[in-house]
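> show me the folded form of this:
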Amino acid sequence: MGREKFSSRLGFILISAGCAIGLGNVWRFPYITGQYGGAAFVLIYALFLVILGLPIVVMEFAVGRASQKSIALSFDVLEPKGSKWHYAKYLGMAGNYILMMFYTTVAGWMVLYFVKMAKGDFKGLDADGVAAEFNNMLGNPGIMAVFMVIVVVGCFAICLRGLQNGVEKITKAMMICLLALMVILAVNSIFMEGGGPGLEFYLKPDFNKIKEAGLGEVVFAAMGQSFFTLSIGIGALAIFGSYIDKKRRLTGEAVSVMILDTCVAFMSGLIIFPACFAYNIEPGQGPNLIFVTLPNVFNNMAAGRLLGALFFLFMSFAAISTVIAVFQNIVSFATDLTGCSVKKAVFCNAAAVIILSVPCVLGFNVLSGFMPFGEGSTIMDLEDFVISNNLLPIGSLIYLAFCTRRYGWGFENFLKEANAGEGIRFPKWARFYVTWILPLIVLVVFIQGYASKFF
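This next block holds a predicted model:
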């Protein structure tokens with residue numbers, strides 16, 4: 001039996017974007033933008049997305065399409081005989097599992113908040129009351145575990161239905177809903193009374209803000225965000241390359257995925273900043289913004305309960321689209337490596353992921369005494385550090401070396417695969433850049449990740 005393919009190009013683009021569009025866009029992007037001065041930061045971020053993210057996305061797609069396999073076997077298929085590139089698969093596979101060790105919990109929070117918002121749990125609460133709701137949730141491992149299991153079982157059930165009938169059909173519908181919800185919420189925010197200064201902060205570049213924060217600091221933040229938003233380096237995107245035919249060149253497809261990814265990040269800023277300014281809220285305050293601040297904002301709005309429920313539905317879709325994409329990858333590892341049925345792969349991995357997700361759930365309560373990075377840090381911070389600051393940059397360096405070095409797959413082979421079909425070509429002149437300069441930039445991101453964590 002041949003490898004199943006996507007039924008449409010739209011399906012491929014929406015699912016690849018779904019994998020890239022996660023909480024990083026919707027949660028991290030607005031808060032980092034808030035921290036580093038709004039519009040001026042957005043411009044620098046967009047630049048890095050193109051020079052840093054785009055070539056690596058094209059490489060992942062090319063390796064996937066040329067090998068017709070997930071990262072579990074793609075290097076084995078393409079590497080020169082006798083070379084050791086296939087060892088990289090353990091890093092990539094580990095990356096997908098570690099990402100799911102905490103992502104499933106946060107996706108569970110989003111779904112739980114959607115339910116709470118729709119039920120009216122926040123009605124009549126003041127700011128302290130809303131904060132108490134969030135802390136009560138973190139202190140209750142039972143409820144967090146239930147919603148984590150709902151997410152894991154639900155998303156694996158979608159993978160069980162196959163690529164076209166399950167993953168493509170459902171992700172497509174979900175992404176279209178996600179985009180529609182964003183438009184509704186953004187329009188509501190833009191016309192909100194008192195939201196004008198928020199729009200100005202977000203859309204009008206103020207380069208003095210960059211001076212205040214320090215140019216180096218802002219550049220590193222933009223580099224890091226452009227890098228992490230796409231989840232590159234662990235083969236999470238390569239898998240979708242293996243499901244696409246050779247009709248289209250891969251650079252154009254990668255551009256479409258990134259435009260969608262950026263639109264969602266940008267629109268989430270449009271939703272959040274006017275609301276923050278209208279209700280006098282600090283937009284640079286991190287994860288709390290979503291779970292503590294925004295429920296307060298919805299409390300004070302006309303039709304706030306409905307808009308709040310829609311907002312958390314949108315957040316749930318953003319999280320779940322990533323979970324489904326990574327689960328599809330994990331199922332593919334099992335079928336590629338052992339030749340087992342999809343059904344068996346789904347059941348075994350669902351059990352494994354649930355067990356692996358337990359430490360993160362307990363890290364906020366039963367195991368909260370374990371603080372890997374000092375006061376206030378949790379098991380989730382450790383898992384996030386392993387993946388974001390280690391596996392993503394190291395994996396990206398491996399893809400770069402594999403696609404540019406003659407003792408790997410080589411630039412000629414990569415170029416031939418990337419440029420098969422019609423659409424935007426991957427330029428030949430970029431060879432020097434992707435062989436020598438881009439690996440240095442990724443190395444800087446890697447070192448900066450450690451520097452900011454420990455010094």
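> double-check that Gly369 belongs to a helix.
No. Counting by DSSP: H, G, I helix; E, B strand; the rest coil, Gly369 is not part of a helix but coil.
> how about the contacts made by it?
The contact partners of Gly369, by C-beta atoms under 8 Å, 6 or more residues apart in numbering, come to none. Where you see a C-beta, it was placed from the backbone N, CA and C, and this is true even at glycine.
> phi, psi for it please.
As for Gly369, its main-chain torsions (degrees, to the nearest 10) stand at phi -70, psi -20.
> that one and Gly142: what is the separation?
19 Å (C-beta to C-beta, to the nearest Å).
> Ala254 now?
Using C-beta to C-beta, Ala254 is found at 42 Å from Gly142.
> tell me which of those two has more neighbours.
Between Ala254 and Gly142, counting by other C-beta atoms under 10 Å, Ala254 is the more crowded of the two (28 against 8).
> and that one, which helix or strand is it part of?
Counting by DSSP states H and E, the element that carries Ala254 is helix 250-278.
> got it, and Ala186?
Ala186 belongs to helix 169-190 when assigned by DSSP H and E.
> chain center to the lowest-mean-pLDDT helix or strand in the chain: distance?
Across the helices and strands of the chain, mean pLDDT, DSSP states H and E gives its lowest value to helix 288, namely a mean of 73. Here the centre of helix 288 is set off from its chain's centre by 19 Å, with C-alpha atoms, centre = their mean, to the nearest Å.
> for stretch 4-21, same thing?
15 Å.
> residues in contact with it?
Stretch 4-21 is contacted by residues 61, 162-164, 167-168, 171-172, 174-176, 178, 229-231, 236-237, 240, 243-245, 247-248, 253, 256-258, 260-261, 264-265, 318, 321-322, 324-326 when judged by C-beta under 8 Å, 6+ apart.
> top helix in this structure by residue count?
helix 304-338 (DSSP state H).
> for that helix, the distance to its chain's centre please.
10 Å.
> before we move on, what about stretch 109-124?
Taking the mean of its C-alpha atoms, stretch 109-124 sits 24 Å from the chain's own mean (C-alpha atoms, centre = their mean).
> which positions within it qualify as buried?
Taking 16 or more other C-beta atoms under 10 Å as the basis for neighbour counts, the residues of stretch 109-124 that come out buried are 109-114, 116-117, 121-122.
> ok, and what's touching that stretch?
Residues outside stretch 109-124 that contact it (C-beta under 8 Å, 6+ apart): 23, 129-130, 133, 137, 143-144, 147, 150-151, 291, 295, 298-299, 305, 308-309, 311-313, 315-316, 318-320.
> quick check on the residues you listed: which are buried?
Among the contacts of stretch 109-124, those classed as buried by 16+ other C-beta under 10 Å are 23, 130, 133, 137, 143-144, 147, 151, 291, 295, 298-299, 305, 308-309, 311-313, 315-316, 318-320.
> picking up where we left off before, gap between the helix holding Ala254 and the chain center?
With C-alpha atoms, centre = their mean, you get 12 Å for helix 250-278.
> buried residues of it, list them for me.
Residues of helix 250-278 classed as buried by neighbour count (16+ other C-beta under 10 Å): 250-258, 260-262, 264-278.
> which elements pack onto it?
In terms of contact count using 3 or more C-beta pairs under 8 Å, 6 or more residues apart in numbering; DSSP states H and E, helix 250-278 is assigned the packing partners helix 9-20, helix 29-35, helix 39-48, helix 54-67, helix 169-190, helix 196-203, helix 294-300, helix 411-418.
> chain center to the last one: distance?
With C-alpha atoms, centre = their mean as the basis, helix 411-418 stands 27 Å off its chain's centre.
> contacts for it, please.
Counting by C-beta under 8 Å, 6+ apart, residues outside helix 411-418 touching it are 58-59, 61-62, 65-66, 78, 249-251, 403-404, 426, 428, 431, 434-435.
> any stretches of the stretch 51-200 of the chain with poor pLDDT?
Applying pLDDT under 70 to the stretch 51-200 of the chain picks out no residues at all.
> one more: the stretch 301-450 of the chain?
Applying pLDDT under 70 to the stretch 301-450 of the chain flags no residue at all.
> what helix or strand does the nearest residue to Ile324 once chain neighbours are set aside sit in?
Among residues not flanking Ile324 along the chain, Cys155 sits closest, at 4.9 Å (C-beta to C-beta, 6 or more residues apart in numbering). Element membership for Cys155, per DSSP H and E: helix 141-160.
> sorry, back to before: pick the most buried one from the helices and strands packed on helix 250-278.
Sort those by mean neighbour count, taking mean count of other C-beta atoms under 10 Å, and helix 54-67 sits at the top with a mean of 26.
> so that helix versus helix 304-338, what angle?
Helix 54-67 and helix 304-338 meet at an angle of 50 degrees, taking axes from the mean of the first three to the mean of the last three C-alpha atoms, to 10 degrees as the criterion.
> who are the packing partners of helix 54-67?
Using 3+ C-beta pairs under 8 Å, 6+ apart as the contact test, the elements touching helix 54-67 are helix 71-78, helix 238-241, helix 250-278, helix 392-404, helix 411-418.
> returning to what we had before: how about residues contacting the helix holding Ala186?
With C-beta under 8 Å, 6+ apart, helix 169-190 has contacts from 10-11, 14-15, 17-18, 21, 158, 161, 195, 198-199, 264, 267-268, 270-275, 307, 310-311, 313-314, 317-318, 320-321, 324-325.
> so what pLDDT did the residue nearest the centre of the chain get?
For the chain, Gly22 is the residue whose C-alpha lies nearest the centre (C-alpha atoms, centre = their mean; 3.6 Å). Each residue has a pLDDT score; the one for Gly22 is 81.
> right, and it touches Ala319 too?
Yes. With contact defined as C-beta atoms under 8 Å, Gly22 reaches Ala319; the gap is 6.4 Å.
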